[in-house]
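Participant: need a 3D model of the following:
(2 chains)
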Amino acid sequence: VSWRTQLLAVLGLALLTAAGWNNTSAQSRGDRVRLPQPEPVDATPAGRWQGVASCSAAACHNGNGPRGSFGSEYTTWANYDPHARAYEVLFLDKSRTIVRNLAGRKTPTPAHQDAACLNCHVAPDFANQTRGDRFTVQDGVGCEACHGPAENWRTAHYREPSWKKLSVSEKASRGMRDTKSILGRARVCVDCHVGKPGMDVNHDLIAAGHPRLNFEFAAYHALMPHHWVDAKDKSARPDFEAHAWAVGQVVSAQAAMRLLEHRAAKGVWPEFAEYDCFACHHDLTEPSWRQKRELGKRKPGSYPWGSWYQEMVPLALSAEGAAGAETYQASLSDLRQDMEATLPDHMIVSKKAHAAAELLEPFLARLSRPAMKPLPVPLLFRTVALSGGQNADASWDRAAQYYLALAALHNAWKDVGQLPIPPSVRPALRDLGSLLTFPRGFDSPVQFRPEEIREQVNRLTRALK
Amino acid sequence: MSVKSLLFPLLVAGILGLFGLPVAKTNPASAQEGLRAPQKLTKSYFGIGDCRRCHTTPEGQEPILCRCDEVRTWEKLDKHKDAQVVLLGERSKQMAAILKIGDIAKEPKCVSCHVGVDGSNPLVTKSFKPSEGVSCVICHGPSKEWVGPHGLETERETWRKLSRQQKEESYGLIDLWDPVKRAALCASCHIGNAGEGKVVTHAMYAAGHPPLPGLEVASFSDAMPRHWEYLAEKKPEVQRILGYSPEKSNLERTELVLVAGLVSLRESMNLLADQAQEGGPWPELAQFDCYACHHDLKVKSWRQERGYAGRPGRPNVRPWPSVLVELGTFEVSGSGMTAELKALLGELTVACDARPFGEPKQVAAAARKLAGWVDRLLPAIRERRIDREVARRLVHRLCALPEEKLPDYDSARQIACAFRVLGADAYPKKMNAPGIVKDLTAVDEQLKLGLPQGQVRVMDSLSDFLGRIGRFDPDRFRRTMRDLAAKTRQLEEQ
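Facilitator: All right, here's what the predicted structure looks like:
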C-alpha cells in the first residue's frame, strides 16, 4: 500500500467525480428559500476574476505535458485535480439532498446557485466578486481561487521583466496571493478547508449531508495533484514535509480559532462542529470502551473539544523552535474547560479564542521571514512518536492526527537522509493507518479500539529506542 | 368458593396481628358494622413479608378475588425485585466511580427508582427491606390503612363494596385499575419524574446506565410478567363483584394502549418542561433523541435521505412518546395527526430547532402545552366504548404510521408493541395465523420486543438490544408493517 493510498484511506477523502452530473437549471421557480445567507467574506483581493480560460493558452499553462511538468499547470489541474470538479459536485444527488434538508418544507435554491455553496465550490465571496467574460463557474475552484484575481497581474506576470523581482507584498497589492511559501499555501487552503466567516461548514450543513472538514495540510498538500515542480520544493529545503506539517498545524489551528471566535460571537451556538464528531456519533455498545477510560477533568456525558485542529499544535510550535508552546497549551486547556461545559458561554469563548489565535501570530510572522534553520527531523519524529504515549489513543481524531504527523515526518526523514530509519517504523505506521481506516460503508471509525492504537504506539516507541 | 379459600384471609389476619404489622386499628364494633373510613392516612412502607402469606398460595390453590400467587410470580420472574440488587453490581460500581458517588445503594438519585424510598426514611417499618427492590408497597400504596381491611375476613365484605376511588382516597390503596394512574405510575420511573427525584441524566447514561427503552405499558406489563389478571380474564363471579361485564366493558388492553400512549407523552413532556423551565438543569441531554446523535455514521445515511422534521443538526426530543398518541386522536376525531396535534408538536420542534439544544423557555412552554392537551383529550377517550371494531380501526391506523413517517427504532418498537396488543383484541385467536406469525417474528428479530425476565439479567441482554438499535433498518420495518396491514385485512374478510 502506497503512502498516498494510505493517507487517502485515513482522511476518507471522497474523490469527487463527475458521476451523476446533470443539469437541473430548469427547476420550478416556486417558493424558494436560500440557505441561510453566508456572512460577508473578508479580504478578497481587489480585481476582476479573469477565469481559467485566461491561463490555459497552450503557450502558457496548458502545455499538455506530463502531470506536474512546467508549462502544464492547467493541464495537470484539469485532468487530475478534484478542485476542477468542485462546481460539478453541486449537481450530485448528495448536494440536492443537502439543500433539500436545509430548506425544510420549502423549495430549496439549487446548490449550484447558492452563494453559501459557491463561496467555496467556485470562489470566495462569490456574490460580490466581479468577473470577466471568460470566467465560468463550471471551472470550479480554478487558478484564481488560490492565486488571486488576475485582472491586475495577468499580463504583467509574464510580460513585465521586473515582475519576478517584486516582493510578495507588492504582488499581493496587485491581487496575486503568495503560493510559493508553505505559509502562503497553507493560508490559501484553510479559507475553504478549515473555514472562515461566510465559508463555514457547520453542524447544520454536516447533518444535512455535507462531509465533515478534517483538514490536515501536510497530507492534503501531499495528496493534491501537484501542478508545480515538486523537486523545487524539496531542493530548497529537504525537510519540506516536516516543515509543511508544522506550519500547516499552526495555520490551521489559527484559522480554526478565528472561526471559533466568530461562531461563538455570531453563529449557531453551541456549534457541534467544534467537537469530536465520534464522541457522540457512535452506536451504543455493550461493553463500551468509552466507559472504561479515564475522563480526566471532563465530566461524564460532556463532549471533547479541539481534538482535531488543536492537540498537535504545541508539538508543532516546539518543532519549529518557537517560544510559547506552553503558553498556547495553557490557553487551550483554559478554553477547553469553557468549551466542555454543556452550554459554553459564547462571549467568553469568543474572547478566549481571539486571544489564542493572536498567540500564534508571532510564530507565523517569524515564518514569513526566510532562512529558518532546517528541522532536526529524526529527533522530531522521535519526539512526536513518543508523545503518542500520552493520549494518542484517546479518540480517532487524536490518533489520526498523530498518524498524519508521523507520516509527514517519516517522509521528511527519508528526504533528509540523516540517520537510517529503524526498519520496524514503517510497518508500525502502516498498521496504525489501517486501524484508522473506516470500514467499507461507514463514515466513522466503527472498529476503533484504544488498546489497538496503544499497541502500535508502543511498537513505534520500542522501534525508536 | 372453597372452604380453604374462605379460611385463608382469617389466617392472614391472625398472622398480621402476630407480627404487629400495619393493620389499621378498627374497634370491634365497627368490624361488625363494616368499615369506618380512617381519619387520616398514615404513610408507611412495609416489606413483602407482609403480603407473602396471602399472596403466595400453594400451587393449585383456588384463587379468590385475586390470583393469590402475586408474590410468587413477582419473586420468580419480575425484574422489579432485582431493582436494588443491581445497585450492588459491577456496573453500579463503575457508575459510582465515574459519577463520584460514594454509596450508590444510598444515593437518593438512584434509590428513588431502584427502591422507591430510602431505607433511612422514618416512614419505613421494620419489615421493609430495600433489598426487595421495587416491591408491592411502592406501586400499591404506602399506607397502613388499606392493608388490614382488604384481607381481613371481618372487614373484607365491606371493603369489597367500596369504590376504587374510596379505597384510594380514604385508605391509600392506589387505584391501579385506572389505566391513566397505572400508566403514570410506571412512567414515573420508566420515563422519569423530576418532582419525585426520578431522573436518569445523560451523565448517568455516559457512566453506564442502560438506555431506558420506550415505554408501552400494556406490553411492559405482560413482560413483567403480570401478577394480575385483566378483568376479562377473571371468573364470571369475580367479574360480577368487580363490576365487569364482557358485553359492556372496554377491551382493557386496547384501552391501556390508547391511554398509556397519551400518558407517556404527558409524562415525558412534564419532565421535559420541568428541566427546561427557568432554574432547571438545562440542557439535559438525556431529554433528546439518543440515537439522533448516537449512531455510527454510514456512507448511505437513511436519516439524511429521509430528511428532518426541522433543521438538520439540531437535536430534537425523543420521538417515541408522540407516536401512539395518534391512536387517541384518531379514535376521538377520526384523524391521527390532527391540526392541533401537528401545531403543538410543530411548536416543540421549532423550540428545539431555535438553536442546538433548543431555547429552554420555548421548549418548556411547548412541552407544557402538549401535556395540557393530553389532559384535555384523556376524558374523551375514557368516555368511549372500546370494542373490537375500535381495536380493528386502530390496527389499521397503526400499520399506516410507518408509511407517513419513517420511524426510528424506539418509535418502531412502540408501533410493534401496540400492534401485538391491539391485534390480539381485534382478532382474537387469529393472531397465530402462519403469515402473521412470520411477520411478527421478523418484527421481533428487528426490534426484540421482549424484555428480560426472571434469571436473565438486564445487563446480559444489553449488548443484543443495542446491536439491534444500530442495525435497525426503518425501511425494512415499514415493509413488514405493510405486509401485516394486508394480512390483518384478510383476516377480516375471512
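Participant: and the residue of the stretch 101-250 of chain B closest to chain A?
Facilitator: The minimum distance from the stretch 101-250 of chain B to chain A, using Cβ to the nearest Cβ, falls at B:Ala206 (3.5 Å). Placement of C-beta: from N, CA and C, glycine included.
Participant: got the phi and psi for the single nearest residue of the stretch 301-450 of chain B relative to chain A?
Facilitator: Going by Cβ to the nearest Cβ, chain A is nearest to B:Gly313 of the stretch 301-450 of chain B, at 3.2 Å. Backbone geometry at B:Gly313, expressed as degrees, to the nearest 10, gives phi 90, psi 0.
Participant: ok, so what distance separates it from B:Cys293?
Facilitator: 10 Å (Cβ to Cβ, to the nearest Å).
Participant: these two: which is more packed in?
Facilitator: B:Gly313 (22 against 17; other Cβ atoms under 10 Å in any protein chain shown).
Participant: the more buried one is in contact with A:Gly209, isn't it?
Facilitator: No - counting by Cβ atoms under 8 Å, B:Gly313 stays clear of A:Gly209, with 10.4 Å between them.
Participant: can I assume A:Gly71 is in contact with A:His61?
Facilitator: Yes - using Cβ under 8 Å, A:Gly71 is in contact with A:His61, at 6.7 Å.
Participant: between those two, which one's more packed in?
Facilitator: Using other Cβ under 10 Å, the more surrounded residue of A:Gly71 and A:His61 is A:His61, with 21 against 14.
Participant: so what's the residue of the stretch 51-200 of chain A at minimum distance from chain B up against?
Facilitator: When distances are taken as Cβ to the nearest Cβ, the stretch 51-200 of chain A reaches nearest to chain B at A:Asn101, 4.7 Å away. Listed by Cβ atoms under 8 Å, 6 or more residues apart in numbering or on different chains, the contact partners of A:Asn101 are A:207-209, B:304, B:307-308, B:312.
Participant: name the nearest residue to it, ignoring sequence neighbours.
Facilitator: A:Ala208 (3.9 Å; Cβ to Cβ, 6 or more residues apart in numbering or on different chains).
Participant: and the one you found, how far from A:Asp393?
Facilitator: In this view, A:Ala208 and A:Asp393 are 32 Å apart by Cβ to Cβ.
Participant: which helix or strand contains the residue in the stretch 51-200 of chain B that chain A sits nearest to?
Facilitator: Across the stretch 51-200 of chain B, no residue is closer to chain A than B:Ile98, which sits at 5.0 Å (Cβ to the nearest Cβ). According to DSSP states H and E, B:Ile98 maps onto helix B:90-99.
Participant: start to end distance for stretch A:271-283?
Facilitator: End-to-end distance of stretch A:271-283 (Cα to Cα, to the nearest Å): 22 Å.
Participant: list of residues touching that stretch?
Facilitator: A:201-203, A:206, A:212, A:260, A:263-264, A:290, A:303-308, A:339, A:395-397, A:444-446, A:448, B:293-297, B:313, B:356, B:466-467, B:469-470.
Participant: so what pLDDT did the residue nearest in space to the middle of chain A get?
Facilitator: Among the residues of chain A, the one closest to the centroid is A:Phe215, at 2.7 Å (Cα atoms, centre = their mean). We have a pLDDT of 97 for A:Phe215.
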